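Novice: Give me a 3D structure for the following:
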Amino acid sequence: MKNRNNIIYWIATVWLSLGMLSTAIVQLLRLEKENEFMLQLGYPVYFLTIIGAWKVLGVIAVLVPKFVLLKEWAYAGFFFLTTGAIISHIVQGEVKNIFGPLLLVVLTIVSWYFRPPARRVPQPVLQ
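Specialist: Prediction:
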């Protein structure tokens, strides 16, 4: 059971990291199509730089051993970012574009849920 959970964790984490990193690179490069996409959703173009940089830092935090509290923040950031993207697409009537963010939010939840004990914040023992 432990080995199965570990395999699920690493598969989800690697795919999550690849997804976040690839979208971060596109955002940091500020490709014209991405600029238009952000403006269409109602956000300023400079958000691309902010979101892209935070995604790269989040991927590093999730992959690097230790720093368990930082990992929790990275997972929370990924969750807020992806659910915000889903909501933005729905509000703008771009429902066809929610598959990418929806997949990333699922991978975020699966990776977080199946993370090994060494990658979790220790819980206090209640007496």
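Novice: CA only for contacts and neighbour counts going forward, please
Specialist: Fine.
Novice: Just the buried residues of the lowest-mean-pLDDT helix or strand in the chain, please?
Specialist: Lowest by mean pLDDT, DSSP states H and E among the helices and strands of the chain is helix 32-41, with a mean of 88. Buried residues in helix 32-41, counted by 16 or more other CA atoms under 10 Å: 34-35, 38, 41.
Novice: Turn these into TSV, columns for distance to residue 123.
Specialist: Converted to TSV, those look like this (distance: CA to CA, whole Å):
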residue	distance to residue 123
34	41
35	43
38	40
41	40
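Novice: Buried residues of the helix or strand hosting residue 12, list them for me.
Specialist: When elements are assigned from DSSP states H and E, residue 12 belongs to helix 2-29. For helix 2-29, the neighbour count (16+ other CA under 10 Å) marks 8-10, 12-17, 19-21, 23-25, 27-28 as buried.
Novice: For stretch 58-68, what is the distance to the chain centroid?
Specialist: Centre-to-centre, stretch 58-68 and its host chain are 12 Å apart (CA atoms, centre = their mean, to the nearest Å).
Novice: Over to stretch 65-78?
Specialist: That offset, for stretch 65-78, works out to 11 Å (CA atoms, centre = their mean).
Novice: So which residues make contact with it?
Specialist: Contacts with stretch 65-78, where a contact means CA atoms under 8 Å, 6 or more residues apart in numbering, come from 55, 58-59, 61-62, 105, 108, 112, 118-121.
Novice: same question for it, mean pLDDT?
Specialist: Averaging pLDDT along stretch 65-78 yields 94.
Novice: What residues sit buried inside it?
Specialist: Neighbour-count burial for stretch 65-78 [16+ other CA under 10 Å]: 68, 71-72, 74-78.
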